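Asks: can't give you the sequence, but here's the structure:
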């Protein structure tokens, strides 16, 4: 069966913040993911799948279960490293970034990996069967309704996200493998909160709403219908837009290490973090990384006040300590004032 | 795989934590290190960077998802299958020999794992008695725990298992923060360059450690220092005699790092800052730190004191002999001793010690001491195939929830006899081999309070009472595994003020200020509660939920133009369809009563309690009786 062409990223109407946060995360996968908050039917999963589809192929060690990056020995799995140490050549192949989904009802053994049942029964051998975290290495890990995830699954996610390594100690298996992924979670805040430590792991957060503007709503429907009617023809219309965006992302990736961040702006980042009263330094790291990535995306070689502003708006809201009945939003007038 | 690690010297702003780790690296007898502090302060990063200053040092991890057989050791299936011989695969506790055993998120870990780590550390050996396999091995490792107290804490006993405690704080100085940000930025753009820059510093530290290790054997503790140590510990009113030993060993490590062969008073004073904060108790104070809240203490106290441990109920480390345990600190009247030692330095030390922020402790409610881990687990054994897989039992007549690894282990020794000629490779499993999984689940009840915070009379009082009740409930939440949450409604909306949690820390943060006043949007309140309950049920249909609605029912905020009472009833009907137990506490008073709350209760089929005089104690009693009826 031929796979239906995915809905193109550039064809998604509105939801600018969500789109931007996804773009920034694929430009700079070390950014730390995004939490998308909002009601159902706001193109969340379409956007996530579309962004992965937009990217060109990367290189991976052929046949590796964790899609190890060729040449990056410190981040390779044990198997690949062993081959290198034995002086073997690692064959390479192209690999397209995937969206690996972690369903809310997933059990822990499927998430971290477990004993290979077949090998155990047939050969009496203890062997590791990789789970979702293995599949997610170098990919997007998409958790729909992440706030409904079982506590013990969240625990293992926390462990892996912190280290970029999944350490398995269960069912007779002691094993660890690389698990670096872009974590994308969605949640409907009305259905319960997310654990604070997990929340803190998300670099960015965005609120999405259904389109309110009637004109845009019509456009959403029209494009959807066009796409359903003939996906290939629909995608063809967006080929140019997709190619432009792809080029922009690739260019940004290349320039990332060369972006200048002035001491003055850095001082502002520090002050904002203190003013908002965030825990730890993740807010600082994320604001800095996001601002750089945004500058790169805009094709600039210097971070501007606007980059920092955008970064603050994406990085701070979910890190705020808020008091009851205060608007959950930060006093942006104060923050923006600090930047101007 | 080991992955890459950061540079120890490059980690900024964690000076005390760094020093603590150095002491432990120099002298493994320091008792292990526990680092506590807010998320994202670099605690894990620092611990993971240890290879940069001590390349030879083995590091072992105890991950959160570990199963019991992996921690304690288990039967080697492969050997058993091949030869029928019972051989043991060492568990993490064995494998950790000569290494630093990292317990990241130690506060979220299974309590019996943490306890086993502490025991093995203190005893210097580990004994395995499982699955007919028996093994005893000597182990020596350094436990290093990391915790973010926001999501729960440790008991005082578990806390005291670690020789050294360090609290990490957020950086609030602009210049320091900017310096840190600059470094983060540089690392982001040129990781290799940053690591290179610190390589020399790391090398020097590594050298210092090696030299101090060699010197440690020669570092002597003069008798006068022993007296000083004893005095300090007496003044700190610590339990047991561990503190003295850790203090002594840490002081020796400090002296060794300073290149001295003898311990000086300043070494002891410095060591005390690491060894005492988590053991110290003020005189007459039990180990409980009462959260600084403004609820009416007199109201709660008589109820609470029956549950709280007596102040005489001091934690006694299990590994100590009885005679040690009897040596109570009451023999050392702290006040009279403190005048004997050099006053000024020690006063400053103790003032500093009192300043250290400590995480709130979890309480062990049971006066007979902690329940056996086994008993607790079995209780939590869930039959819906959900929850963390922690162990296994023979299946017996229970429904299937097969633990394959355990079943294989059970079947393995017999394979030699069971195999037939035509079936040489396959494993033969018989029904008597079946092992079921033991899963641990938070089997507690979810107690959700929906409180009217609107301007009608008594809103302040209602909030105060509920807040008191929530804190009381949370203090016993650890053992009962209950979650407590609160939704308040006022003005135009309802809000989840405290998401369902077991953390006192979180409750403190969230319930600090509770504004009241404004209109009464009862409909929004009910809808919000409904949303929460539906979410919980979707997560796990078997969750037990109790919703306490505390209101006077005087709804006066129209709902999008509709009559609020009619709308309330509509939502009430939907609430009735959930499996939540609903309790309406009606605080309406005065001559003219509208009786709306009572009507709603009827519509929902909820229990109804008119309580004109709302007190924390009454609410708690109500909660207790409802909980009992649910458990029955």
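Replies: Good, I have the coordinates. Being a predicted model, the structure only gives us computed values, none of them experimental.
Asks: Not counting sequence-adjacent ones, nearest residue to whichever residue of the stretch 201-340 of chain A sits closest to chain B?
Replies: Nearest residue of the stretch 201-340 of chain A to chain B (CB to the nearest CB) works out as residue A:280 at 2.4 Å. Placement of C-beta: from N, CA and C, glycine included. What sits nearest to residue A:280 in space, not counting adjacent residues and going by CB to CB, 6 or more residues apart in numbering or on different chains, is residue B:40, at 2.4 Å.
Asks: Tell me the first helix or strand C-terminal of the lowest-mean-pLDDT helix or strand in chain A.
Replies: When the helices and strands of chain A are compared on mean pLDDT, DSSP states H and E, helix A:117-123 comes out lowest with a mean of 75. Next along the chain after helix A:117-123, taking DSSP states H and E as the criterion, comes strand A:128-129.
Asks: what's that following strand packed up against?
Replies: strand A:114-115 (3 or more CB pairs under 8 Å, 6 or more residues apart in numbering or on different chains; DSSP states H and E).
Asks: who does the strand it packs on pair up with?
Replies: Paired strands of strand A:114-115, with direction, are strand A:128-129 (antiparallel) (DSSP bridges).
Asks: Contacts for the strand it pairs with, please.
Replies: Strand A:128-129 is touched from outside by A:113, A:114, A:115, A:116, A:117, A:168, A:173, A:175, with contacts defined as CB atoms under 8 Å, 6 or more residues apart in numbering or on different chains.
Asks: chain center to the next helix or strand after it: distance?
Replies: Counting by DSSP H and E, the element after strand A:128-129 in chain order, helix or strand, is helix A:132-135. Centroid separation for helix A:132-135 versus its chain: 14 Å, with CA atoms, centre = their mean, to the nearest Å.
Asks: for helix A:132-135, what is the average pLDDT?
Replies: The predicted model assigns helix A:132-135 a mean pLDDT of 93.
Asks: Likewise for stretch B:598-614?
Replies: Mean pLDDT, computed over stretch B:598-614, is 84.
Asks: now it: how far from the chain's centre is it?
Replies: With CA atoms, centre = their mean, you get 37 Å for stretch B:598-614.
Asks: Ends of it, what's the gap?
Replies: The stretch stretch B:598-614 measures 16 Å between its terminal residues, going by CA to CA, to the nearest Å.
Asks: Scan the helices and strands of chain B for the one with the lowest mean pLDDT.
Replies: Per mean pLDDT, DSSP H and E, bottom of the list for chain B is helix B:373-380, a mean of 33.
Asks: Which parts of the stretch 501-632 of chain B are helices?
Replies: Listed in chain order, the helices of the stretch 501-632 of chain B (DSSP state H, counting those that start in this stretch) span B:504-510, B:522-539, B:564-577, B:596-604, B:616-631.
Asks: out of these, deepest packed?
Replies: Comparing these by mean neighbour count (mean count of other CB atoms under 10 Å in any protein chain shown), helix B:522-539 comes out on top with a mean of 22.
Asks: got the contact list for that helix?
Replies: A:104, A:147-148, A:150, A:190-192, B:446, B:448, B:450, B:452, B:485, B:487-489, B:492-496, B:500, B:543, B:545, B:547, B:549, B:551, B:553, B:555, B:557, B:559, B:564, B:567-568, B:571-572, B:574-575, B:578-580.
Asks: Okay, now the unreliable bits of chain A?
Replies: For chain A, the stretches with pLDDT under 70 are A:1-3, A:190-193, A:321-330.
Asks: count of neighbours near residue 167?
Replies: As the question left the chain open, I've gone with chain A. A count of nearby residues for residue A:167, using other CB atoms under 10 Å in any protein chain shown, gives 23.
Asks: actually it's chain B I care about, not the one you picked
Replies: 19.
Asks: next one: residue A:101
Replies: Residues within reach of residue A:101, counting by other CB under 10 Å, total 18.
Asks: Going by secondary structure, the nearest residue to it once chain neighbours are set aside is in what exactly?
Replies: Excluding the flanking residues, the one nearest residue A:101 by CB to CB, 6+ apart is residue A:142, at 5.0 Å. Using DSSP H and E, residue A:142 falls within strand A:140-143.
Asks: now for that strand, which elements pack on it?
Replies: Counting contacts by 3+ CB pairs under 8 Å, 6+ apart, strand A:140-143 packs against helix A:44-54, strand A:99-101, strand A:182-187.
Asks: Which helix or strand lies directly C-terminal to that strand?
Replies: With secondary structure assigned by DSSP H and E, strand A:140-143 is succeeded by helix A:151-163.
Asks: Domains in the chain, by residue range?
Replies: I'll assume chain A. Per automatic domain parsing, the structural domains of chain A span A:9-57+A:96-208, A:259-339.
Asks: That was the other one, I meant chain B.
Replies: Split by automatic domain parsing, chain B gives B:15-173, B:223-286+B:313-355, B:374-440, B:445-631.
Asks: measure residue A:289 to residue B:491 for me?
Replies: As for residue A:289, its distance to residue B:491 is 38 Å (criterion: CB to CB, to the nearest Å).
Asks: can you map out the helices along the stretch 151-300 of chain B?
Replies: Using DSSP H, counting those that start in this stretch, helices in the stretch 151-300 of chain B cover B:156-160, B:174-189, B:191-216, B:223-236, B:242-257, B:265-275, B:297-305.
Asks: If anything else comes up later, I'll come back, but that's it for now.
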